[in-house]
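In: let me see the structure of the following:
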Amino acid sequence: MAQEWQNLLHFRCTCCGNCCREPIVLVTDEDIRRVIHRTGQKAAEVVDFYKPSEIAWGKDQPGWIQLKVGLRIMGLRRTEEGCQYLGEDDLCTIYEHRPVTCRRYPFDVEFGEKGEIQLLSISNSVECPYELDGYQTLGEIKALCTWEEEEENPYYEKIEAWNAQKKSGTKKKFLKCLGF
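Out: Numbering: from 1, shown residues only. Below you'll find the model as predicted:
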């Protein structure tokens with residue numbers, strides 16, 4: 001008997017843009033490089049550093065950066081309408097270069113001990129009026145999760161090294177530390 005969550009493999013995005021309007025998209029240094037390659041922007045124009053009060057991301061979660069101004073997390077810069085890369089047509093203007101988190105979204109995935117997908121769910125971080133007439137494979141979803149982990153782990157190590165310094169620095173110095 002098929003597992004209940006497998007019907008979500010038929011997920012299809014309806015291009016409503018809600019996922020680009022509401023949440024703060026956390027990014028890695030590799031995500032920034034892809035965006036810069038597409039846009040020609042400087043890193044400081046791509047990202048912003050958000051306070052703990054601005055995001056629903058526990059302080060026990062990885063990615064928090066100790067700066068002179070306090071604890072911050074790096075995410076895509078936003079406008080009043082949402083992500084700066086959300087077009088007027090509700091489509092992503094950097095789609096082929098978007099962060100891996102955006103590529104995996106809206107799936108929340110849990111893996112078993114042997115690396116197999118045990119549970120797949122749709123994130124409830126925003127209202128998502130999806131349809132179930134598309135087609136995703138478990139392999140595609142797992143490959144995105146692997147890609148995300150392969151970029152996040154080295155990024156988190158860089159943050160740990162930054163945070164272990166005796167004194168905290170500025171946003172500009174942190175971006176320089178990442179190679180920008």
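In: ranges for the strands of this structure?
Out: 47-50, 64-67, 70-76, 78-79, 82-83, 107-111, 117-122 (DSSP state E).
In: where in the protein is pLDDT low?
Out: By pLDDT under 70, the low-scoring segments of the chain are 1-2.
In: what is the lengthiest helix in it packed up against?
Out: Longest helix of the chain, by residue count under DSSP state H: helix 138-163. The contact analysis (3 or more CB pairs under 8 Å, 6 or more residues apart in numbering; DSSP states H and E) places helix 138-163 against helix 29-39, strand 64-67, helix 100-104, strand 107-111, strand 117-122, helix 171-177. Quick note: C-beta positions are derived from backbone N, CA and C, even for glycine.
In: and the first one, what's buried?
Out: To tie it back to what came earlier, the one meant is helix 29-39. 29-36, 38 (16 or more other CB atoms under 10 Å).
In: between the residues you listed, which sits nearest Pro62?
Out: Asp29 (13.9 Å; CB to CB).
In: nearest residue to the closest one in space, ignoring adjacent ones along the chain?
Out: Leu178 (4.3 Å; CB to CB, 6 or more residues apart in numbering).
In: how far away is that neighbour from Glu30?
Out: 10 Å (CB to CB, to the nearest Å).
In: shouldn't His71 be in contact with Gln61?
Out: Let me fix one detail, which is that residue 71 is Leu and not His. No: judged on CB atoms under 8 Å, Leu71 makes no contact with Gln61 at a distance of 11.6 Å.
In: buried sites along the longest helix of the chain?
Out: By neighbour count with 16+ other CB under 10 Å, helix 138-163 contains the buried residues 141, 144-145, 148, 151-152, 155, 158-159, 162.
In: I figured Val126 hits Pro23, correct?
Out: Yes: contact status for Val126 versus Pro23: in contact at 6.1 Å, counting by CB under 8 Å.
In: residue contacts, the closest residue in space to Ala56 that isn't next to it in sequence?
Out: Once flanking residues are discounted, Ala56 sits nearest to Ser125: 7.7 Å by CB to CB, 6+ apart. Ser125 sits next to 19, 22-23, 56 when contact means CB atoms under 8 Å, 6 or more residues apart in numbering.
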